Every structure is written in C-alpha cells, then in structure tokens.
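Q: Starting from these lines, generate the structure:
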Amino acid sequence: MLEAVIFDIDGTLIDSVDLHAEAWRVALGHFGHDVPFDRVRAQIGKGGDLLMAELLPEDEVRRRGEEIEKYRLDLFRREYLSRVRPFPKVRELFERIVADGRRIALASSAKQEELARYKEIAGIADLLHAETSSDDAERSKPHPDIFEAALDRLKGLAPDRAIAVGDTPYDGQAAGKAGLRTVGMLCGGWPEDALRRAGCIAIYRDPADLLRRYGDSPLAG
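A: Numbers count the residues shown, from 1 in each chain. Purely as a prediction, here's the structure:
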C-alpha cells in the first residue's frame, strides 16, 4: 500500500532550472571558466560538488570548489531567487495527496535555506510531513542518500510503501538506488526518453497534468 510521496522540488514543483543554470554559468565565468549554458543546464539536479566535477578540472574543484559554490549560492539569492515561480496546481496536487491519507516529503539537492524559501514560493509548507536537503546527505544525487534520508524522516518507511517524483534522470537514478519507484515530470526540461531510461515508470507534463490524471496515476495506489 502506498503511504507517502517524496518530491524533488527544483524543476518538479518550481520553475527554477534555467535560473540555476544561468547562475552557475555566471559564477563559473567569474572564476575564469567559460562554460556554455546548455552544458551547465544538463547538470542541474545534481549537487554542486558533482556538477563542478563534470564541468571543471579536478584540481580546480579541489582548490576552489567551496569558494565557487559559495559565490554561486550568494549570486542566486541576490539576482535570481526572486524570479522563481511555482508550476501550476502544486498546492492542489499536494492537497489531493494528503486527502488520500498519504504523507508528503521533499528530497532536494538544495541547501536548507534555499529549500525554506522554495516551500514558501510553492505554498506547501503546511502540507509537508518531512523534508531533506543537501545538508542531510553526504552525497548528492544521483547517489541515493537524499531519498534514503527522506525515508528515514518518514519514520523509517519501507521503499515499497513510497514513490518518488522528479524531473531529471538524476532523480530517477537516485530514487532507484534507494529502492523507490519514480514518476517523471517533463517541466524541468528533460526529454521523456531520458526519464524512461533512468527508471521512471510514468511521465507527466507538470504538476497540473499529474493532478488532472491523478486517478490513473501511480500516486493513486
């Protein structure tokens, strides 16, 4: 029996992927690295450590990685956070899940401070039963740590009693390693075939589409 739904947030519930990618592109440029937007965007969904490992030389990540990530985070808060908006029908979808007697958790690669703001933007803070951020995981997605932490916060819920929802292959890979099935969302910009290859068992355009088709979705149990 399905007891809980564990959501990613960036690109799944809020329209923030392009903003994160641009903030990373600008931050990397500030430190002398000209990385095309599309290359950066393809890494959004991972934690900053793994993102930089794909885009920068190893010695640069080791030497300046923390400095770069701090600059990127401060830049995002100053210049981009105010432009983040929720996708349509996020709160209504959460209300439907809660009305069905299921719990909701967030499993995000965002920092805790960012996550707090995202909950406000999406209007869902009062509907959550648990949450985890990058601060709760030793390794970021596509490693399973964040989803495993979310299951633990849900009072040690067994993976077969929950389902994950995310917008990137990294969500599908991470959730799968934690023993979770995953529903994919197209609103983060990844193509359906990439989400299918990552293990997603069903695909929806956005939260509004999932709400509209809820009765036939894996979330209906």
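Q: C-alpha only now, for contacts and for neighbours.
A: Fine.
Q: Check which residues of the longest helix seen in the chain are buried.
A: Counting by DSSP state H, the longest helix found in the chain is helix 58-75. By 16 or more other C-alpha atoms under 10 Å, the buried positions in helix 58-75 come out as 61, 65, 68-69, 71-73, 75.
Q: wait, which of the residues you listed is closest to Gly101?
A: Leu73 (36.4 Å; C-alpha to C-alpha).
Q: pLDDT at the closest one, what is it?
A: At Leu73, the pLDDT value in this model is 94.
Q: how much space between Asp152 and Pro159?
A: For Asp152, the distance to Pro159 (C-alpha to C-alpha, to the nearest Å) stands at 10 Å.
Q: Neighbour count for the two, which is higher?
A: Ranked by neighbour count (other C-alpha atoms under 10 Å), Asp152 and Pro159 place Pro159 first, with 21 against 15.
Q: The more buried one against Gly179, yeah?
A: Yes. Using C-alpha atoms under 8 Å, Pro159 is in contact with Gly179, at 5.4 Å.
Q: list the helices and strands the helix or strand of the chain with the lowest mean pLDDT packs on?
A: Counting by mean pLDDT, DSSP states H and E, the weakest-scoring helix or strand in the chain turns out to be helix 112-122, with a mean of 92. In terms of contacts (3 or more C-alpha pairs under 8 Å, 6 or more residues apart in numbering; DSSP states H and E), helix 112-122 is packed against strand 14-15, strand 85-86.
Q: Switch these over to CSV; also include mean neighbour count, mean pLDDT and distance to Met1.
A: Output for the helices and strands packed on helix 112-122, formatted as CSV (neighbours: other C-alpha atoms under 10 Å; pLDDT from 0 to 100; distance: least, C-alpha to C-alpha, whole Å):
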stretch, mean neighbour count, mean pLDDT, distance to Met1
strand 14-15, 22, 98, 28
strand 85-86, 18, 98, 30
